[in-house]
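S.K.: 3D model of this:
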Amino acid sequence: MATKHESAPDLRWTFSLKSLMILTMCVAVASPMQEAAYQRNLQAVQLYVQHGAYLDYTEKDGFTPFNYAAMASHWDIVEFLLRAGTNPHLVDATGRSALIYASEAGQAKVVQLIRELGPPEPDHSM
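M.R.: Numbers count the residues shown, from 1 in each chain. The predicted structure follows:
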């Protein structure tokens, strides 16, 4: 229980640390384009796409290059991949999309790009 002078933990910071740990584990088995997206190497990502790399390639955990860029808040790569036609609504092995991760982490620019440039979110109510 927090005392009068203690503040509640910043959940975004906790989430960011957890995301970083997950990304660190995943990067060890990532494809070259996923690694480039995670490392914020826009030039390499552009080169892979130019030479026909599959935009929505996933590893066993369900992460795509877009997921790596969105979770790391690399909005320049997020924008490039969206304009190239990636599907931002694919879910990973936990059932979560890049939009969910970005929203929970408070990455407003990434969320805005997904909503402005991506296709409409799928309707799961049916």
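S.K.: measure Asp92 to Gly106 for me?
M.R.: According to Cβ to Cβ, to the nearest Å, Asp92 and Gly106 sit 19 Å apart. All C-beta spots, glycine's among them, are computed from the backbone N, C-alpha and C.
S.K.: Same drill for the two, tell me which one is more crowded.
M.R.: Legend: neighbour count by other Cβ atoms under 10 Å for Asp92 and Gly106, higher for Asp92 (20 against 15).
S.K.: Let me know the pLDDT of that one.
M.R.: Listed pLDDT for Asp92 reads 91.
S.K.: give me phi/psi at it?
M.R.: phi -90, psi -170 (degrees, to the nearest 10).
S.K.: Can you tell me the closest non-neighbouring residue to it?
M.R.: Closest residue to Asp92 apart from its sequence neighbours, by Cβ to Cβ, 6 or more residues apart in numbering: Gly62 at 3.4 Å.
S.K.: So what's the residue count around the nearest residue to Asp61 once chain neighbours are set aside?
M.R.: Spatial nearest neighbour of Asp61, chain neighbours left out: Ala93 (4.9 Å); criterion: Cβ to Cβ, 6+ apart. Counted with other Cβ under 10 Å, the neighbours of Ala93 add up to 11.
S.K.: Correct me if wrong: Ala93 contacts Asn67.
M.R.: No. The pair Ala93 / Asn67 is not scored as a contact, 10.9 Å apart, by Cβ atoms under 8 Å.
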